[in-house]
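Asker: below are the sequence and a predicted model for it; my questions follow.
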Amino acid sequence: MQIEKSGRLKQLPPYLFAEIDKKKKQLIAEGKDVLNLGVGDPDSPTPSFIVEEMKKNLHLQDVQKYPFDNGSPNFRAAIARWHKRNTGVTLDPNTEIYPLIGSKEGIAHIPLALVNPGDYTLVPEPGYPPYRSGTIFAGGIPYFMPLKSENGFLPDFSKIPSEVAKKTKLMYLNYPNNPTGALADESFYRIAIDFCAEHNIVLCQDAAYSEMYFGNRPVSVLQLGGGRDVAVEFHSLSKTFSMCGWRMGWIAGNAAVVKLMGELKTNLDSGQFMAIQETAAYALDNGDEEVKKLRAMYERRRNVFINALKKLNLDIQPQPATFYVWFRVPQGFTSVTFANALLEKANVVVTPGNGFGPSGEGFVRISLTSDETILLKAAERILKFKD
Ligand SMILES: *Cc1c(COP(=O)(O)O)cnc(C)c1O
């Protein structure tokens, strides 16, 4: 039998880093001490108060059953309390909040609820790949909004042709931003809200890094006037509580969008394990101190790494949020040639910026999800390689 890939999957762009991956595996097989600063997956374990709570919740009555629909009322109530405490926003746990099996699930699926074939979505680039693939799977057309350093890595809506804006159903934003580490302020969100209201576009703000900030708490688009008329936010426990593998997130905001997300999900999945939902409720209610510690840890790591690389005279700004450092490669290199050279000569893995979109060319991303000794070791090797 001939198995053929669907047109949908064929439309996705080819994987750019097959060669770098191959080289990495080869070096590891040769026994080289390869330092991986490529992946954004927290190294610190899930806080033990959460793990202990999970053990208890495994014994809850009926926990083995399908969770179905909008899941645990406790979880949704805890989410509402969390938004109230952190952003001052009052959300109705029954109509404005819906649990997700990790935020990626909602981010990648939401075009199926809002986008018809031939419609556009607005997608920031460099950016998280599911914005594009989710759009393509729904038959939509991603229109890319470049994030340029001269604009503070914010998109310029005036560059979007009006024919495109007219046929756009959904816009993705992601602040704090992966991969650039940038933040969006209130005035930017006000412009975004106006733009979306004018063109009837649902604003999907990916807030996966909302707790990974090093100065003031990032603004929530839902706390601004008109925010809830156009926007939903995607939240996640993955980065906030080192819980990537647990697959727990939520969508919050505009009730009509939340309802459609629910309608879609009822037809796709049956919800996340109830014991995890109950544990997530507990984490949100009791985790503020722990999150503060994680923030301080990433800030320390960021400073250690950037200070160690000072001698290189690279253009590295300490990013205000996320656990990534996004910086320009030295003169004479491209993203890929620099990443390749670091891998071969220093055995350090970094992510070439162009993998997140063409505007990422000339940058690389390193992830601060390794401890300080590893980051220092990596920095030393990078310095030596440059000599
Ligand atoms: C990690 C990440 C997510 C979230 O992932 P989940 O584990 O699915 O909640 C969402 N958006 C961005 C930009 C991320 O980097």
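Answerer: Done, it's in.
Asker: could you dump the longest helix seen in the chain to CSV, C-alpha only?
Answerer: Ranked by number of residues, the top helix in the chain under DSSP state H is helix 288-308. Below are the C-alpha coordinates for helix 288-308, written out as CSV (Å, rounded to 0.1, in the frame of the first residue of the first chain):
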residue,chain,number,x,y,z
ASP,A,288,3.1,32.5,44.0
GLU,A,289,6.2,32.2,46.3
GLU,A,290,7.5,29.3,44.2
VAL,A,291,7.1,31.2,41.0
LYS,A,292,8.9,34.2,42.5
LYS,A,293,11.9,31.8,43.2
LEU,A,294,11.8,30.5,39.6
ARG,A,295,11.8,34.1,38.3
ALA,A,296,14.8,35.0,40.4
MET,A,297,16.6,31.9,39.2
TYR,A,298,16.2,32.7,35.5
GLU,A,299,17.1,36.3,36.1
ARG,A,300,20.4,35.2,37.8
ARG,A,301,21.1,32.8,35.0
ARG,A,302,20.5,35.5,32.4
ASN,A,303,22.9,37.9,34.2
VAL,A,304,25.5,35.3,34.6
PHE,A,305,25.4,34.3,31.0
ILE,A,306,25.3,37.8,29.6
ASN,A,307,28.1,39.0,31.9
ALA,A,308,30.3,36.0,30.9
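Asker: which parts of that helix are buried?
Answerer: Using 16 or more other CB atoms under 10 Å as the burial criterion, the residues of helix 288-308 that qualify are 290-291, 294-295, 297-299, 301-302, 304-306, 308. Just so you know, the C-beta spots here come from the backbone N, C-alpha and C atoms, and that holds for glycine as well.
Asker: wait, which of the residues you listed is closest to L314?
Answerer: For the buried residues of helix 288-308, the residue nearest L314 by CB to CB is I306; the value is 9.4 Å.
Asker: residues contacting that closest one?
Answerer: Residues in contact with I306 (CB atoms under 8 Å, 6 or more residues apart in numbering) are 316, 318, 325.
Asker: find the residue closest to the second one in space, skipping its chain neighbours.
Answerer: Looking back up the chat, that one is P318. For P318, the nearest residue in space outside its immediate sequence neighbours is I306; the separation is 5.4 Å by CB to CB, 6 or more residues apart in numbering.
Asker: cool, the last one as well?
Answerer: With sequence-adjacent residues excluded and distances taken as CB to CB, 6+ apart, V325 is closest to I366, at 5.0 Å.
Asker: roughly how far is whichever strand or helix holds the one you found from the heart of the chain?
Answerer: In the assignment (DSSP states H and E), I366 maps to strand 363-367. Here strand 363-367 shows a centroid-to-chain-centroid distance of 15 Å under the convention CA atoms, centre = their mean, to the nearest Å.
Asker: for this structure, which segments count as helices?
Answerer: Counting by DSSP H, the chain has helices at residues 7-10, 18-29, 48-57, 73-87, 103-114, 130-137, 162-166, 186-199, 227-230, 255-266, 274-286, 288-308, 335-341, 372-386.
Asker: turn the ones you listed into JSON lines, including mean pLDDT.
Answerer: Written out in JSON lines, the entries for the helices of the chain read as follows (pLDDT from 0 to 100):
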{"stretch": "helix 7-10", "mean pLDDT": "94"}
{"stretch": "helix 18-29", "mean pLDDT": "87"}
{"stretch": "helix 48-57", "mean pLDDT": "98"}
{"stretch": "helix 73-87", "mean pLDDT": "98"}
{"stretch": "helix 103-114", "mean pLDDT": "98"}
{"stretch": "helix 130-137", "mean pLDDT": "97"}
{"stretch": "helix 162-166", "mean pLDDT": "97"}
{"stretch": "helix 186-199", "mean pLDDT": "98"}
{"stretch": "helix 227-230", "mean pLDDT": "98"}
{"stretch": "helix 255-266", "mean pLDDT": "98"}
{"stretch": "helix 274-286", "mean pLDDT": "98"}
{"stretch": "helix 288-308", "mean pLDDT": "95"}
{"stretch": "helix 335-341", "mean pLDDT": "94"}
{"stretch": "helix 372-386", "mean pLDDT": "90"}
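Asker: which among these is found nearest to the ligand?
Answerer: The ligand sits nearest to helix 103-114 of all the helices of the chain, at 3.1 Å, using CB to the nearest ligand atom.
Asker: kind regards, and thank you for your time.
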